[in-house]
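Q: Only the shape, not the letters, is given here:
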């Protein structure tokens with residue numbers, strides 16, 4: 001298994017991987033092409049180039065998971081390593097609570113400890129649901145979105161693709177958040193949010209900036 005990323009989120013993800021499975025320093029690796037100063041992370045090997053990854057895995061396929069947080073980074077790195085023959089792997093902490101009925105978790109999503117996912121929920125590909133997140137019933141979350149620690153998404157909400165929901169934000173029932181939007185930490189949202197928006201405030205929240213569309 002290769003964790004794509006060796007920064008802050010990867011340091012949190014490593015505990016989930018070790019507790020969930022029998023990963024050791026012989027079969028768990030990291031990839032970081034930006035910070036090339038350190039060749040190990042807590043004693044685990046860090047690759048810095050794609051060539052190193054290809055040379056380490058002579059077979060046509062290898063498992064990888066996404067150890068970075070932002071939607072743009074998760075999308076780009078996922079695409080790069082799938083094209084190399086990597087198999088995107090879903091990571092679900094044993095310390096999370098997952099509903100028993102009609103829960104779909106997309107390939108490559110990471111669900112961290114103490115998160116609570118209710119029933120009739122659809123989670124898309126490559127999503128990060130961080131520590132202590134609540135996802136209520138009848139919620140959909142689009143691919144590669146990033147749900148930060150302590151965020152609460154209540155029932156019947158629709159979260160678009162490439163959305164970032166900040167730490168401690170609360171999305172009230174039946175709200176729709178458009179693709180490629182950012183909800184600031186601590187924001188409480190009661191009304192629908194259009195695509196490509198940056199939103200702040202506590203009911204009423206307000207759009208303070210418009211973003212360029214997400215280019216796939």
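A: Received it, and whenever you're ready, just let me know what you need. Just so we're clear, the structure is a prediction, and the values are computed from it rather than from any experiment. Residues are numbered from 1 along each chain as shown.

Q: just how off-centre is stretch 36-44 within its chain?
A: Mean-position distance between stretch 36-44 and its chain equals 23 Å (C-alpha atoms, centre = their mean, to the nearest Å).

Q: Oh, that last question was meant for stretch 142-156, not what I typed.
A: Centroid displacement of stretch 142-156 relative to its chain, using C-alpha atoms, centre = their mean, is 10 Å.

Q: where does this protein dip in pLDDT?
A: 59-60 (pLDDT under 70).

Q: ok, the most centrally placed residue in the chain to residue 146 distance?
A: Of all residues in the chain, the one closest to the mean position by C-alpha atoms, centre = their mean is residue 128, 1.8 Å from it. To residue 146, residue 128 is 5 Å away according to C-beta to C-beta, to the nearest Å. The way it works is simple: take the backbone N, C-alpha and C, and place the C-beta from them, glycine included.

Q: got any residues that touch both of the two?
A: 69, 74 (C-beta atoms under 8 Å, 6 or more residues apart in numbering).

Q: Just read off the phi/psi values of residue 50.
A: Dihedral angles of residue 50 (phi, psi; degrees, to the nearest 10) stand at phi -60, psi -40.

Q: burial count for it?
A: For residue 50, the count of nearby residues is 14 (other C-beta atoms under 10 Å).

Q: Bridging across strands, which residues link to residue 176?
A: Note on residue 176: beta-bridge partners by DSSP bridges are residue 158.

Q: what does residue 110 give?
A: With DSSP bridges as the criterion, residue 110 is bridged to residue 91, residue 128.

Q: before we move on, back to that, shouldn't the residue nearest to the centre of the chain be in contact with residue 74?
A: Yes: counting by C-beta atoms under 8 Å, residue 74 is a contact partner of residue 128 at 6.9 Å.

Q: Please pick out the residue of this protein most distant from its centre.
A: Outermost residue of the chain (C-alpha atoms, centre = their mean): residue 58, 28.1 Å.
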